[in-house]
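Asker: Sequence plus predicted model, see below.
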Amino acid sequence: MRWSIFALLVAAPVLAAAQAPPAGASEPFVVEYYYKTRWGFADEFIRLFKKNHFPVLKREIELGHIQRVTAEAPRFHGTEEGRWDYRITIVWKNAAAPHEPFPEAELKRLFPDQDTFRREEQRRFEILAAHWDLPVVSVDLTRP
């Protein structure tokens with residue numbers, strides 16, 4: 001089970017990119033990742049995200065695969081059907097970047113205690129009620 005959660009963590013951006021229309025080789029590729037936690041677990045989720053996943057994303061920026069990562073949370077709540085707790089937006093350098101594997105050696109360097117890392121990543125996904133990825137494109141409102 002641990003490895004399947006870890007595989008999902010690593011593969012999620014790739015799966016989202018595979019479902020999106022192809023973009024130009026040099027165009028940024030934007031994906032919004034939505035996370036809906038079970039009630040009462042939003043703080044734990046973001047704490048684990050910051051501890052275990054954000055360092056990976058920062059390293060992806062250093063490697064040049066990602067241009068920018070931002071996070072938002074809704075100020076107020078909406079309906080349960082449309083509720084989400086966190087939206088993480090990643091601007092990949094291009095549509096191919098999410099397909100580039102994250103080096104295993106880098107993961108071990110970032111997280112020497114791999115057992116704790118895997119256990120906490122599994123927990124981060126256990127407390128989710130839903131998660132979806134949405135590739136987005138800019139719309140030019142000034143052109144007819």
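Answerer: Yep, that arrived. Quick caveat, the model's predicted, so the values are computed rather than measured. Residues are numbered from 1 along each chain as shown.
Asker: now Arg59: how far from Lys36?
Answerer: From Arg59 across to Lys36, the span is 26 Å (CB to CB, to the nearest Å). Where C-beta positions appear, they are placed from N, C-alpha and C, glycine not excepted.
Asker: how far does stretch 64-81 stretch from start to finish?
Answerer: Start-to-end span of stretch 64-81 (CA to CA, to the nearest Å) is 36 Å.
Asker: Give the buried residues for it.
Answerer: Neighbour-count burial for stretch 64-81 flags His65, Ile66, Gln67, Val69 (criterion: 16 or more other CB atoms under 10 Å).
Asker: Check the last one and give its pLDDT.
Answerer: Listed pLDDT for Val69 reads 98.
Asker: Any regions of this structure where pLDDT drops low?
Answerer: For the chain, the stretches with pLDDT under 70 are 1-25.
Asker: got a list of what Val56 touches?
Answerer: Residues near Val56 by CB atoms under 8 Å, 6 or more residues apart in numbering: Phe102, Leu107, Leu110.
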